[in-house]
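[1] what shape does this take:
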Amino acid sequence: MRRMLLCVTLLLLLPGHWKAGRVDAGGNGQQAAVAPASHATLPAGYAGTEACETCHEDVVKKFSDNPHARMALEHGDKGVTCENCHGPGQAHIDAGGDATKIFQFTKATPKAADEKCLSCHAGAHPNFEHTAHGEAQIGCTSCHSIHKSESEESLLKVSQPKLCYGCHTDIKAAFAQPFHHKVDEGLMKCSDCHDPHGTFKGTLQRPGTMLHNGPGGYAVCTKCHAETAGPWVYPHPVIQTEGCGGCHSPHGSPNPRLLTRNNINSLCLQCHTASMNFSAPGVPSFHNQANQYQACTVCHSQIHGSNSDPVFFK
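    Presented below is the predicted three-dimensional model:
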């Protein structure tokens, strides 16, 4: 009897006896765990996600809900999700966890980290390195946190606009103005108007703003302010050359309609300086600004453009 018990005990202790699976706590015989894939089924140098989990359990366990989990399919569903970004990990494991044997995003330069990310995301962000963020070496990991993101959308470290305010402190102050776009209220996001990864269309008059499209931000504004879009038979030339920002402060202003000046006549006279010469031939008397007439837009009401009048009368 003792010899039989000894044999059974030895069988249970043999390596690989439980590799195929184990009986769950209920004893119903169902397979509750699958053994890690063997090294023979993995690409050379790869260890597999199960091996990473040995030390990084807290990260691996949470990764199933991460959109990057689908990367395991890139190597024939061999379970090398972690190593798609951090590189082959077998040398790292064989060296007893030597951190120099694996790619570390926290120790890498922004350019090196960006190259890793853009190896997959280059199609979505083909011009990033030439944008204001790319040229300033504001790398992917400056805004995104793959393992611990506060915002589910785009895996941002923190949600908008708080994330953007971290650098753009002047813009945060603009949104505190009496008249502003409703970003702080949560009705809009910075990325509704700006593409943080850049665009080939960009802005000619205001480079570095990374607006989604259109010269001077014209198109990105008219997607909401459709009544100003046109096309017009008689467009206001300033819109085509300066964009909406020629007259409006897009983030916030102390003036109604986000105007850059508190007096509409002063705003118009930035370009229409001939009206300042009160005695000029052909200048109507009611253009004499010394008489403190009402705003120019009282008469020139179709100021964004008109289909009937070249001076924008209604």
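[2] can we go C-alpha only for contacts and neighbour counts from here?
    Will do.
[3] which intervals of the stretch 151-300 of the chain have sub-threshold pLDDT?
    For the stretch 151-300 of the chain, applying pLDDT under 70 flags the ranges 152, 200-208, 213-217, 274-286, 288-293.
[4] hey, where'd the strands end up in it?
    Assigned by DSSP state E, counting those that start in this stretch, the stretch 151-300 of the chain shows strands spanning 179-180, 234-235, 252-253.
[5] would CSV of those with distance to T41 and mean neighbour count be doable?
    Shown next, in CSV, are these (distance: least, Cα to Cα, whole Å; neighbours: other Cα atoms under 10 Å):
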stretch, distance to T41, mean neighbour count
strand 179-180, 58, 20
strand 234-235, 66, 19
strand 252-253, 58, 23
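[6] nearest spatial neighbour of the residue nearest the centre of the chain, skipping sequence neighbours?
    By Cα atoms, centre = their mean, the chain has its centre lying nearest to P196, at 4.9 Å. Once flanking residues are discounted, P196 sits nearest to M210: 6.6 Å by Cα to Cα, 6 or more residues apart in numbering.
[7] quick one: that neighbour and N255, what's the gap?
    Counting by Cα to Cα, to the nearest Å, the gap from M210 to N255 is 25 Å.
[8] tell me which of these two has more neighbours.
    Each of M210 and N255 has its neighbours counted (other Cα atoms under 10 Å); M210 has more, 23 against 18.
[9] ok, for H197, nearest residue in space, not its chain neighbours?
    In this structure, H197 finds its nearest non-sequential neighbour in F128, 5.2 Å apart by Cα to Cα, 6+ apart.
[10] which segments of this structure make up each domain?
    Annotated domains of the chain cover 105-159, 228-306 [automatic domain parsing].
[11] rewinding a little: Serialize the strands of the stretch 151-300 of the chain to CSV and add fields for distance to K189.
    Below are those laid out as CSV (distance: least, Cα to Cα, whole Å):
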stretch, distance to K189
strand 179-180, 13
strand 234-235, 30
strand 252-253, 14
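[12] returning to that earlier point: how about JSON lines for the domains of the chain, with distance to D65 added?
    Output for the domains of the chain, formatted as JSON lines (distance: least, Cα to Cα, whole Å):
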{"stretch": "domain 105-159", "distance to D65": "10"}
{"stretch": "domain 228-306", "distance to D65": "35"}
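[13] so which of those domains is nearest H56?
    Nearest of those to H56, taken as Cα to Cα: domain 105-159 at 11.3 Å.
[14] now the end-to-end length of the closest one.
    Start-to-end span of domain 105-159 (Cα to Cα) is 21 Å.
[15] centre of the chain to it, how far?
    Computed by Cα atoms, centre = their mean, to the nearest Å, the chain-centroid distance of domain 105-159 equals 9 Å.
[16] quick one: contacts for F105?
    Each residue near F105 by Cα atoms under 8 Å, 6 or more residues apart in numbering is listed here: 86, 113, 141.
[17] what is the helix or strand encompassing the last one packed up against?
    Yep, that's T141 we're talking about. Secondary structure assignment for T141, by DSSP states H and E: helix 140-143. Contact partners of helix 140-143 among helices and strands, from 3 or more Cα pairs under 8 Å, 6 or more residues apart in numbering; DSSP states H and E: helix 110-121.
[18] can you tell me what sits against the helix or strand following the helix it packs on?
    Counting by DSSP H and E, the next helix or strand C-terminal to helix 110-121 is helix 132-135. Helix 132-135 is contacted by residues 128-129, 139, 196-198, 208-210 when judged by Cα under 8 Å, 6+ apart.
[19] and the two most separated of these?
    Between any two of the contacts of helix 132-135, the greatest separation by Cα to Cα is 17.0 Å, found for G139 and T209.
[20] enumerate every residue touching the residue nearest to A47 when sequence neighbours are not counted.
    Counting by Cα to Cα, 6+ apart, A47 lies nearest to Q90, which is 5.0 Å off, once chain neighbours are set aside. Q90 is in contact with 45-47, counting by Cα under 8 Å, 6+ apart.
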